[in-house]
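*Asks:* make a model of this:
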Amino acid sequence: MSLADTSTASPVAPRPSHRGRFWWFSEILPFAVGILIWQALSSLNVWPRVLFPSPLEVAQAFVEDIASGVLPVNLGVSLQSLLLGFVVGAAIAVPLGYLMGLNRAGRDFFDPLVNLLQAIPGLAWIPFAILWFGLGQGAVTFIIVMSVFFPVLHNLLTGIRMVQPVLIEAVQTLGAKRWAVIAHVIFPATLPNLMTGIRLGIAFGFRSLVGGEMIASTNGLGYAIFNAQQYFQSARIVVGMLAIGITWLIMDRFILRPIEQRTTMRWGLVREGIETA
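*Replies:* Coordinates of the predicted model:
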């Protein structure tokens, strides 16, 4: 696909949010209501405690696992696998995405293969992952790579298609060559979509991480959840689930989402500069 083949849509930079003094209240309220409902259901004793632990039991197990070092170690192992799998998956998806998005021959060659493989869930690769890498971090990392790759690739391709041809033409009229257009228009224009793909890729990677560790690993949060189920330790199952959810919430709210918003706003400034040039 040539540079002039891109569509006319353009991402719109979000307006900066203005939080009030008590923004933290709206953040905490849903969790407080959920815990209250959870406690109320637990107090009714409709289900045995081994099947439905109370918030107090989960909190006690949470403190015990932190104090013993079990939870920090498993979390560290899982994050290490997630980081490695994400880096490898993104390192393959990003250059391939630009190759397919900016070159018609590259798109025609890789598109059928990508469409075939994207329908296969990352967890479906577990048997091959075990055969190729054995039980352990290598197999889990491979599963994460297969889960991260496609969200990053497809969002990047979407970003390339959304670049306005008028912006490309404006830069070309100033004498910019192909690589200058890519560096100063295509690349900054695709950053917002690329960051969206990274957020989605990490989210899918988290899901595959847990599933992979349950089957193909002997440590990590997924393994801890599966091991707790074997011994009917339902409170520790919830501890592992909460550790995953809290970790993702912190990463998304304080790292990934701000970077995505910042890149979107920065591209808006770059686009305004090109339009007024």
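
*Asks:* which ones are touching the residue nearest to the spatial centre of the chain?
*Replies:* Residue closest to the mean C-alpha point of the chain, counted by CA atoms, centre = their mean, is I202 at 2.1 Å. Going by CB atoms under 8 Å, 6 or more residues apart in numbering, I202 touches 82, 86, 148, 248, 251, 256. (Glycine included, C-beta is placed from N, CA and C.)

*Asks:* so which bits of the helix or strand hosting A129 are buried?
*Replies:* Per DSSP states H and E, A129 falls inside helix 126-133. Neighbour-count burial for helix 126-133, with 16 or more other CB atoms under 10 Å as criterion, is recorded at 126, 129-130, 133.

*Asks:* same check, this time on stretch 238-258
*Replies:* In stretch 238-258, counting by 16+ other CB under 10 Å, buried: 238-240, 243-244, 247-248, 251, 256.

*Asks:* could you dump the residues you listed to TSV with pLDDT, secondary structure and distance to A183?
*Replies:* Shown next, in TSV, are the buried residues of stretch 238-258 (pLDDT from 0 to 100; DSSP: H, G, I helix; E, B strand; the rest coil; distance: CB to CB, whole Å):
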residue	pLDDT	secondary structure	distance to A183
V238	94	helix	49
V239	95	helix	47
G240	94	helix	44
A243	94	helix	41
I244	92	helix	38
T247	94	helix	35
W248	91	helix	33
M251	91	helix	29
L256	89	helix	24
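
*Asks:* now stretch 104-120, how far from the centre of its chain.
*Replies:* Offset of stretch 104-120 from its chain centre (CA atoms, centre = their mean, to the nearest Å): 22 Å.

*Asks:* can you show me the helices along this protein?
*Replies:* Remark: helices assigned in the chain by DSSP state H are 23-43, 55-68, 70-102, 104-118, 126-133, 137-161, 165-173, 178-181, 187-216, 221-230, 234-251, 257-276.

*Asks:* most tightly packed of those?
*Replies:* Each of the helices of the chain was scored by mean neighbour count; the highest is helix 137-161, a mean of 25, by mean count of other CB atoms under 10 Å.

*Asks:* that helix vs helix 70-102, what angle?
*Replies:* Per axes from the mean of the first three to the mean of the last three CA atoms, to 10 degrees, the angle that helix 137-161 makes with helix 70-102 is 40 degrees.

*Asks:* and helix 137-161, what does it pack onto?
*Replies:* Packed against helix 137-161 by the contact rule (3 or more CB pairs under 8 Å, 6 or more residues apart in numbering; DSSP states H and E) you find helix 70-102, helix 104-118, helix 126-133, helix 187-216.

*Asks:* in CSV, list those along with distance to F31 and mean pLDDT.
*Replies:* CSV is the format used below for the helices and strands packed on helix 137-161 (distance: least, CB to CB, whole Å; pLDDT from 0 to 100):
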stretch, distance to F31, mean pLDDT
helix 70-102, 19, 95
helix 104-118, 35, 92
helix 126-133, 33, 93
helix 187-216, 19, 91
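
*Asks:* so which of those comes closest to S42?
*Replies:* Nearest to S42 among those is helix 70-102 (22.0 Å), distances taken as CB to CB.

*Asks:* can you name every helix or strand that that closest one contacts?
*Replies:* Helix 70-102 packs on helix 55-68, helix 104-118, helix 137-161, helix 187-216, helix 221-230, helix 234-251, going by 3+ CB pairs under 8 Å, 6+ apart.

*Asks:* just the angle for the first one relative to helix 221-230, thanks.
*Replies:* Same thing as helix 55-68. Going by the same axes, to 10 degrees, helix 55-68 makes 120 degrees with helix 221-230.

*Asks:* who are the packing partners of helix 55-68?
*Replies:* Using 3+ CB pairs under 8 Å, 6+ apart, helix 55-68 sits against helix 23-43, helix 70-102, helix 234-251.

*Asks:* can you lay out the ones you listed as JSON lines showing distance to V171?
*Replies:* Shown next, in JSON lines, are the helices and strands packed on helix 55-68 (distance: least, CB to CB, whole Å):
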{"stretch": "helix 23-43", "distance to V171": "40"}
{"stretch": "helix 70-102", "distance to V171": "15"}
{"stretch": "helix 234-251", "distance to V171": "35"}
